[in-house]
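K.L.:
how would this look folded up:
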Amino acid sequence: MKDAFTPTRELAHRLSGTDEVLLVWHPEIDRVELSVSDVMTGEGFQMEIAPETAMDAFRHPYAYAARRESGCDLVRAETTIADG
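P.N.:
Here you go, the predicted structure:
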């Protein structure tokens with residue numbers, strides 16, 4: 001019997017300065033997702049990308065984010081403030 005769960009597949013990954021850009025495919029729902037995060041602050045965003053534009057979005061993630069600003073899920077790092 002074949003396993004019903006198909007793991008997410010990494011299509012492309014790069015680090016540019018402190019920005020980590022990741023392109024993944026979720027085969028179980030046939031969805032391509034672009035994720036960008038700042039490795040220093042933890043802030044970033046994720047969005048679904050049309051398969052035919054996936055590599056262009058991977059190379060130019062901020063251009064796609066600007067076009068789809070309302071469709072992005074922003075991820076913010078939790079900040080702890082300590083008395084000093």
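K.L.:
make it CA atoms for all contacts and neighbour counts henceforth
P.N.:
Fine.
K.L.:
Contact partners for the residue nearest the centre of the chain?
P.N.:
In the chain, the residue lying closest to the centroid (Cα atoms, centre = their mean) is residue 35, at 0.7 Å. Contacts for residue 35 were tallied using Cα atoms under 8 Å, 6 or more residues apart in numbering; they are 21, 22, 23, 44, 45, 46, 47.
K.L.:
count of residues packed around residue 29?
P.N.:
Number of residues near residue 29 (other Cα atoms under 10 Å) recorded here: 9.
K.L.:
and the gap between residue 18 and residue 6?
P.N.:
Noted for residue 18: a distance of 31 Å to residue 6, by Cα to Cα, to the nearest Å.
K.L.:
Chain neighbours aside, what residue packs nearest to the residue nearest to the centre of the chain?
P.N.:
Once flanking residues are discounted, residue 35 sits nearest to residue 46: 4.3 Å by Cα to Cα, 6 or more residues apart in numbering.
K.L.:
and the residue nearest to residue 24 when sequence neighbours are not counted, helix, strand or coil?
P.N.:
Closest residue to residue 24 in three dimensions, ignoring its sequence neighbours and counting by Cα to Cα, 6+ apart: residue 10, at 4.5 Å. Secondary structure assignment for residue 10 (DSSP: H, G, I helix; E, B strand; the rest coil): strand.
K.L.:
List the contacts of residue 10.
P.N.:
Neighbouring residues of residue 10 by Cα under 8 Å, 6+ apart: 22, 23, 24, 25.
K.L.:
Now the buried members of those.
P.N.:
Buried residues within the contacts of residue 10, defined by neighbour count using 16 or more other Cα atoms under 10 Å: 22, 23, 24, 25.
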